[in-house]
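Novice: quick one: sequence and predicted model below, then my questions.
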Amino acid sequence: MANGPVTDATAAGGLRQDAFRSRLLHALAECVAARGYSESTIADIAARAHTSKRTFYEHFRSKSHCLLTLHSAASARVLETVRDRLAIDGPWQQRVERGLRAYFEALARGPVLLRTLFIEIGALGVEGMAARRQVTDSFVALVAGLADAGDSGLAEEGGSGLAGGDDSRWADGVDSGSGRRAAAARSASEREAICTALVGGIAELVVQAIERDLIDELPALTEPATRMVCAVLRDLRGEGDAASAGHHLPGQGESASSDQQAG
C-alpha cells in the first residue's frame with residue numbers, strides 16, 4: 001500500500017515522535033550516569049523524560065534496545081566529528097593531532113554519555129560487545145586510512161592498503177626503500193592488529209579518566225596520544241625515523257625556534 005501524502009499534521013506528528021525518542025535517550029543517559037544501567041528501570045527513564053512507560057515502549061522494545069540506540073547515536077556523532085577533522089588537508093601528522101583533539105574534546109563535552117559509551121554498554125553482554133566492536137572497527141578504519149593517506153585526505157575505503165599504490169602517497173615522508181618494503185610486506189591482518197591496538201590504547205586512556213573523575217582533562221591527552229599514534233603510523237607508512245629527517249610532530253620545531261631566538 002502506498003504511503004499517504006505528507007501533511008502538516010503528519011509532519012508535526014513525526015516531529016513529536018522524534019522529540020519523545022530524543023527525550024527518552026537523553027533520560028537514559030542521565031539515569032545511567034546517576035545510577036548505572038543495572039539500577040535504572042524503564043519507569044525511571046520514563047519519569048525523567050516526563051512521559052509514560054507506554055510511550056517508552058512505542059519507541060523501544062526494551063531497556064537494552066534503548067541503550068544500544070543511545071550508544072550507536074552518540075558514537076556516530078563522535079565519529080563524524082573526528083572524520084570531518086581528519087578530512088582537512090595538511091600533513092598527516094597535523095591531521096592526526098586535529099582528529100585526536102576533536103575526539104577528546106567531543107568526549108569531554110558529553111560527560112553524561114561517557115559511562116554509556118565506555119562502561120555500561122558492557123552490561124549487555126554479547127550485544128554490548130558487538131556494539132562496541134562496531135565502533136572500534138570504524139575508528140580502526142580511520143587509523144588505517146591515515147596509514148595509507150597523503151596530505152589531501154584519507155585513503156579510499158577498501159583500497160589496497162600499504163602495499164603498492166600511488167607513490168605520491170609517500171611524498172610527505174622519508175623515501176626509505178627498505179622502510180617501504182618492510183611496510184608493504186606486512187599482512188593485512190598484521191596492520192589491522194596494530195591499528196586496533198592503537199584504538200584500544202586510546203580507549204583505555206578514556207576509561208581511566210572516567211574512573212578517576214578526570215573527564216574535564218581529556219583534551220590534555222591529545223599530545224601524548226598524538227605522539228603514540230604518529231610513531232606507529234610512521235612505521236606503518238614505511239617512513240622510518242621521520243623525526244631525524246626533519247619531520248616533527250605538531251608543536252615541535254616552534255619551541256626550538258623560540259629557544260634560538262631567546263638565545
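Specialist: Alright, I've got the coordinates. What you see is a predicted model; the values in this text were computed from it and never measured.
Novice: so Ala106 touches Leu79, yeah?
Specialist: No - under the criterion of C-beta atoms under 8 Å, Ala106 makes no contact with Leu79, lying 9.5 Å away. All C-beta atoms are positioned from the backbone trio N, CA, C, and that covers glycine.
Novice: between these two, tell me which one has more neighbours.
Specialist: Using other C-beta atoms under 10 Å, the more surrounded residue of Ala106 and Leu79 is Ala106, with 20 against 17.
Novice: tell me which element that one falls in.
Specialist: In this assignment (DSSP states H and E), Ala106 forms part of helix 92-109.
Novice: show the average pLDDT along that helix.
Specialist: When pLDDT is averaged along helix 92-109, the result is 95.
Novice: repeat for stretch 187-205
Specialist: 92.
Novice: with only the CA atoms kept, save it in PDB.
Specialist: This file holds the C-alpha atoms of stretch 187-205, laid out as PDB (Å, rounded to 0.1, in the frame of the first residue of the first chain):
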ATOM      1  CA  SER A 187      50.000  -8.700   6.000                       C
ATOM      2  CA  ALA A 188      46.600  -7.000   6.200                       C
ATOM      3  CA  SER A 189      45.800  -8.800   9.400                       C
ATOM      4  CA  GLU A 190      49.000  -7.500  11.000                       C
ATOM      5  CA  ARG A 191      48.300  -3.900  10.000                       C
ATOM      6  CA  GLU A 192      44.700  -4.300  11.300                       C
ATOM      7  CA  ALA A 193      46.000  -5.700  14.600                       C
ATOM      8  CA  ILE A 194      48.400  -2.700  15.000                       C
ATOM      9  CA  CYS A 195      45.600  -0.200  14.300                       C
ATOM     10  CA  THR A 196      43.300  -2.000  16.700                       C
ATOM     11  CA  ALA A 197      45.900  -1.800  19.400                       C
ATOM     12  CA  LEU A 198      46.200   1.900  18.900                       C
ATOM     13  CA  VAL A 199      42.400   2.500  19.100                       C
ATOM     14  CA  GLY A 200      42.200   0.200  22.200                       C
ATOM     15  CA  GLY A 201      45.000   2.000  23.900                       C
ATOM     16  CA  ILE A 202      43.300   5.400  23.400                       C
ATOM     17  CA  ALA A 203      40.000   4.000  24.700                       C
ATOM     18  CA  GLU A 204      41.700   2.700  27.800                       C
ATOM     19  CA  LEU A 205      43.000   6.200  28.500                       C
END
